[in-house]
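Visitor: How does the following fold in three dimensions:
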Amino acid sequence: MEFKKSQELYTKGLEHLVGAVNSPVRAFASVGGNPLFIKKAKGSKITDVDGNTYVDLVLSYGPMVLGHRHKKVQSAITKALKNGYSFGASTKNEIKLAKIICDAFPGMDKVRFVNSGTEAVLSGIRLARAFTGKDKIIKFSGCYHGHQDALLVAAGSGLATLSLPGSKGVPEGAVKNTLIAKYNDLESVKLHFETHDDIAGVIIEPVAGNMGVVTPQNNFLKELKEYVNSKGALLIVDEVMTGFRSKFGGAQELFDVEADITCLGKVIGGGFPVGAYGARNEIMEMVAPLGGMYQAGTLSGNPIAMAAGISTLTELKKQNPYEKFNELAQIIEVFLLESAKKYGVEITVNRFGSMINPFFTNKEVENFEDAQTSNTKKFAVFFWEMIKNGVFLPPSQFEAWFLSSAITEKDVKKITKAIEKSMEAVAKM
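Guide: Now for the predicted structure:
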């Protein structure tokens with residue numbers, strides 16, 4: 001397998017792009033080598049500029065849940081394009097997509113569309129502060145909620161991949177109201193509430209996907225919600241990754257917890273740049289033009305994204321692929337464990353619905369501290385061997401793998417064959 005054209009583009013890109021990329025994880029810093037440049041994708045496959053085709057387990061970090069260029073989504077996009085690209089005004093499809101989303105999430109009466117998961121989260125936090133009249137926010141170490149200043153501390157995948165504790169350019173004042181707790185540890189949350197009386201809310205990924213796949217243990221989410229509300233604060237659930245991936249809706253219902261504010265990302269736009277935040281009426285009526293919390297955006301509710309989102313979610317509800325996702329993820333999990341055992345490689349595998357992640361550690365992974373015990377050098381060898389055997393993975397130990405409904409039995413066989421060869425390569429280190 002050759003990567004000559006990717007190498008050429010990387011070299012060319014260094015002149016006018018920062019690191020030749022537009023997002024740090026794409027730089028392949030933690031796995032070595034140069035980034036791959038992608039030309040096209042269709043269904044379960046993605047193809048680079050050198051003509052190498054892979055089974056795609058990145059899926060634009062989650063939103064391509066139907067696979068790439070699904071015919072119904074493609075048709076909806078083409079139809080919408082004929083009417084125009086952006087209006088800076090309201091359209092009928094905004095109302096239609098809003099109803100689909102609100103119907104899927106219990107407790108969500110109204111939603112506001114924005115342009116990314118990052119925007120959804122920063123708006124959701126502003127809303128929590130406006131509603132409660134308090135300032136401080138608790139986040140969990142290893143959970144990533146976008147690159148806004150206030151939450152760019154202990155932020156998981158990207159920063160962990162680059163071994164950075166935070167980000168330069170973020171002033172102390174920007175994070176003075178951000179408190180850090182330990183995922184799956186309610187006592188660490190309680191300690192903050194015992195110390196501070198001005199906490200507006202707690203933000204969490206219901207299943208952490210930016211330190212690998214880490215699931216809540218022992219009713220953690222349900223108990224967190226009850227405790228946070230008892231203190232007059234709000235629970236903000238970031239379902240940018242988990243939204244519409246574990247079931248039609250989010251992870252909240254599966255864990256028997258209802259967020260006060262829910263944040264969603266590009267899955268609701270079929271992969272287009274879009275996000276949303278939503279809540280019950282009494283909270284959302286704080287948002288302008290109904291209330292005093294200001295948030296706006298010219299491209300919010302973009303007509304192309306709305307059309308793609310309606311088509312994606314309509315088809316996803318029709319397919320209802322969630323049982324299949326669980327079955328396929330279990331097959332991959334079992335094969336990872338059996339292959340690792342065969343070659344004497346220590347791993348732990350976590351999965352949730354269509355999200356799965358192997359950690360190169362013998363420790364059970366329940367939080368970011370556990371995830372950081374992973375051997376990233378072994379992952380780097382594993383990553384490149386998977387690439388060479390036709391499987392496209394996120395270039396970081398701390399990112400989730402994703403499945404799409406376009407994946408076939410033939411694809412699964414290719415994945416398991418690649419895992420076998422990759423574990424053998426790791427064992428030879």
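Visitor: mean confidence for the helix ranked longest in the chain?
Guide: Longest helix in the chain by number of residues (criterion: DSSP state H): helix 322-343. Throughout helix 322-343, pLDDT has a mean value of 96.
Visitor: which parts of that helix are buried?
Guide: Tyr322, Phe325, Asn326, Leu328, Ala329, Ile332, Glu333, Phe335, Leu336, Ser339, Ala340 (16 or more other Cβ atoms under 10 Å). (C-beta placed from N, C-alpha, C; glycine too.)
Visitor: What mean pLDDT does the helix or strand following that helix get?
Guide: Per DSSP states H and E, the first helix or strand lying C-terminal to helix 322-343 is strand 348-352. Averaging pLDDT along strand 348-352 gives 96.
Visitor: same deal with stretch 114-122?
Guide: The pLDDT scores in stretch 114-122 average 95.
Visitor: Extract the C-alpha trace of it and format it as CSV.
Guide: Extracted C-alpha coordinates of stretch 114-122, given in CSV (Å, rounded to 0.1, in the frame of the first residue of the first chain):
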residue,chain,number,x,y,z
VAL,A,114,-26.5,26.2,15.7
ASN,A,115,-23.5,25.3,13.5
SER,A,116,-21.5,22.8,15.5
GLY,A,117,-21.3,20.8,18.6
THR,A,118,-19.0,23.4,20.1
GLU,A,119,-21.6,26.1,19.6
ALA,A,120,-24.3,23.9,21.0
VAL,A,121,-22.3,23.3,24.2
LEU,A,122,-21.2,26.9,24.7
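Visitor: which residues sit against stretch 79-94?
Guide: Contact partners of stretch 79-94, identified using Cβ atoms under 8 Å, 6 or more residues apart in numbering, comprise Phe113, Thr298, Leu299, Gly301, Asn302, Pro303, Ile304, Met306, Ala307, Ala308, Ile310.
Visitor: Hmm, the third one is touching Asn115, no?
Guide: The one in question is Leu299. Yes - taking contacts as Cβ atoms under 8 Å, Leu299 lies within contact range of Asn115: 5.4 Å.
Visitor: Find residues that contact each of those two.
Guide: Taking Cβ under 8 Å, 6+ apart as the criterion, Leu299 and Asn115 both touch Pro273.
Visitor: ok so, going back, which other helices and strands contact the longest helix of the chain?
Guide: strand 348-352, strand 355-359, helix 409-427 (3 or more Cβ pairs under 8 Å, 6 or more residues apart in numbering; DSSP states H and E).
Visitor: right, and these - which one's nearest Ser230?
Guide: Closest approach to Ser230 among those (Cβ to Cβ): strand 348-352, 27.4 Å.
Visitor: distance of the residue nearest to Val287 when sequence neighbours are not counted from Met286?
Guide: Nearest non-adjacent residue to Val287, counting by Cβ to Cβ, 6 or more residues apart in numbering: Met293, 5.2 Å away. As for Met293, its distance to Met286 is 5 Å (criterion: Cβ to Cβ, to the nearest Å).
Visitor: what touches both of those two?
Guide: Joint contacts of Met293 and Met286 (Cβ under 8 Å, 6+ apart) are Leu127, Ala130.
Visitor: burial of Tyr61, as a residue count?
Guide: When neighbours are defined as other Cβ atoms under 10 Å, Tyr61 has 21 of them.
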